[in-house]
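Engineer: Sequence plus predicted model, see below.
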Amino acid sequence: MEKTTISVKRLLSLGTSVLAGNALLAFAVAAFVLPRGILMGGTTGLGIVLAHVTGRDMALFVLALNLSLLLCGLFTLGKTFFLSTAASTLLYPAFLALFQRVPGLSVMTDNDLLAAIFTGLLAGVALGLVMRVGASTGGMDVVNLTLHKWLHVPVAVLVWLSDLVVVGGQAAFAKPEETLCGLLVLLLESWTLDRVLLLGRAQLQVFVVSDRYGAIRDRLLKELQLGVTMTAIETGLRKTAQKGVLCVIHPRRLYKVTSCVQAIDPQAFITITKIQEVRGRGFTLDRDAANKNDLPGRAGKDDTP
C-alpha cells in the first residue's frame, strides 16, 4: 500500500512538472522569441542552421532531430524518460499553438534586451521543472541528460555548451545585436536552470568539535531528532583523541542546532558548510525503523526535513 502511494505521488509530480515546464517554455517562445527573432539553442536553433546551409524546410530538420533523439533516449535513459519526453513532444506544440492565439501576447515588449532577459529566465525555470523529475522537453535535452549520466557533468553546464554551439552556428548569418541577445539568453537560462535543479535540495553541514561531544550527540538525536555521525579526530595542539559531531540539516534549523551546542559547551568549535544536495537515509530515503523507535516521541514518523 505504501509503495502504491509513493508511486502515485511520483506520477503526479512527474505529470505536473512536465505540464508546467512545457507550458512555461511555450509561453516564453510565443511571447518573446518568435516576435523578437531571438536566437535559440536546442534542435530549433540547429534546424535553423541546417535550413540556412541546405535551403531545405527547417521544420523537417527539427522533426527528424527530435524523433532521432527521442529514440536514443529510450535506449539510454529508460522507458519513463521516453514516455515523458514523448508527452513533451505533444504538449509543447499544443501549448505553443494556444499561446500564439492569445491576443496581445506577442506585443508585450518591443525591447530586444528585455525580451532576451525574460526568455532566459523563463526557459531556465521551464527546463529545470522538467529535469528535476528526470524528464525532458525533448530535442537536445536528451543529449545533455545522457552526457550527464555518463560523464557526471552538471546538466546546466551541458545545456550551456550545447546551446552555445548551436547559437554560434546561427551567429554566422545573424546581426551582432541578435547574437549578443542570444548569448545573454544562454547565460540566464543556464544560471536559472542550475538554481531550479538545486532548489530545496541544498542543506547545511554542521561539524562540532567539543570535549562534551557525547552530550551534544545525545541532545541532537533525542531533542532535535537529527541524524548524527561521529568522527574520530585528534586535536592539533594537545593531541587529544576525541570525537567530532557531524550532522546535515535544513538551513531553517541552524539556529536551533547552534543554540543547542553552545548551551552545552559555549566554547565548542563549530564549522558550517553549505552543500548543494543530499541523498540517502533520512533525506531522500526514510530512516530505519530501528532508529525511529530509539527516539522518544517519534511514533514511527520521520520529520527530518
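Structural biologist: Nice, I can see it.
Engineer: quick one: the strands in this structure?
Structural biologist: 203-209, 229-234, 241-249, 269-275 (DSSP state E).
Engineer: Give me the local confidence score for residue 243.
Structural biologist: Per-residue pLDDT puts residue 243 at 92.
Engineer: quick revisit: nearest to residue 156, of the strands of the chain?
Structural biologist: With Cβ to Cβ as the criterion, residue 156 lies closest to strand 269-275 of the strands of the chain, at 17.3 Å. Every C-beta, even on glycine, is put in place using the N, C-alpha and C of the backbone.
Engineer: Report the mean confidence score over that closest one.
Structural biologist: Across strand 269-275, pLDDT averages out at 90.
Engineer: quick one: residue 13 and residue 135 touch, right?
Structural biologist: No. Checked against Cβ atoms under 8 Å, the pair residue 13 and residue 135 is beyond contact range at 10.2 Å.
Engineer: Those two: who's more crowded?
Structural biologist: Neighbour count, other Cβ atoms under 10 Å: between residue 13 and residue 135, residue 135 has more, with 26 against 12.
Engineer: Now do the same contact list for the more buried one.
Structural biologist: Residues in contact with residue 135 (Cβ atoms under 8 Å, 6 or more residues apart in numbering) are 14, 17, 18, 21, 80, 81, 84, 85, 88.
Engineer: got it, and residue 80?
Structural biologist: So residue 80 contacts 14, 134, 135 (Cβ under 8 Å, 6+ apart).
Engineer: Please produce a markdown table containing these, extended by pLDDT and distance to residue 228.
Structural biologist: Listed next are these as a markdown table, based on pLDDT from 0 to 100; distance: Cβ to Cβ, whole Å:
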| residue | pLDDT | distance to residue 228 |
| --- | --- | --- |
| 14 | 81 | 34 |
| 134 | 73 | 31 |
| 135 | 74 | 35 |
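Engineer: Tell me the one among the residues you listed nearest to residue 215.
Structural biologist: Nearest to residue 215 out of these is residue 134 (Cβ to Cβ; 42.6 Å).
Engineer: so how far is residue 62 from the nearest residue to the closest one once chain neighbours are set aside?
Structural biologist: Of all residues not flanking residue 134 in the chain, residue 81 sits nearest, at 6.4 Å (Cβ to Cβ, 6 or more residues apart in numbering). Remark: distance between residue 81 and residue 62 (Cβ to Cβ, to the nearest Å) = 20 Å.
Engineer: ok, now residue 260?
Structural biologist: Distance of residue 260 to residue 62, given as Cβ to Cβ: 57 Å.
Engineer: Who has more neighbours out of those two?
Structural biologist: Between residue 260 and residue 62, residue 62 has the larger neighbour count (other Cβ under 10 Å), namely 20 against 17.
Engineer: How about the more buried one, nearest residue that isn't a chain neighbour?
Structural biologist: For residue 62, ignoring the flanking residues on the chain, the nearest one in space by Cβ to Cβ, 6+ apart is residue 47 at 3.9 Å.
Engineer: what's around that neighbour, how many residues?
Structural biologist: 24.
Engineer: Kindly report the same for residue 123.
Structural biologist: Residue crowding around residue 123 was assessed by other Cβ under 10 Å; the count is 30.
Engineer: surely the residue nearest to residue 62 meets residue 65?
Structural biologist: Yes. Using Cβ under 8 Å, residue 47 is in contact with residue 65, at 6.7 Å.
Engineer: Just to be sure, which of the contacts of residue 80 are found in helices?
Structural biologist: Those of the contacts of residue 80 mapping onto helices are residue 14, per DSSP state H.
Engineer: Out of the contacts of residue 80, which comes closest to residue 202?
Structural biologist: Each of these was scored against residue 202 by Cβ to Cβ, and residue 134 proved nearest at 19.0 Å.
Engineer: Just confirm the closest one contacts residue 79, I think it does.
Structural biologist: No. Taking contacts as Cβ under 8 Å, residue 134 lies outside contact range of residue 79: 11.7 Å.
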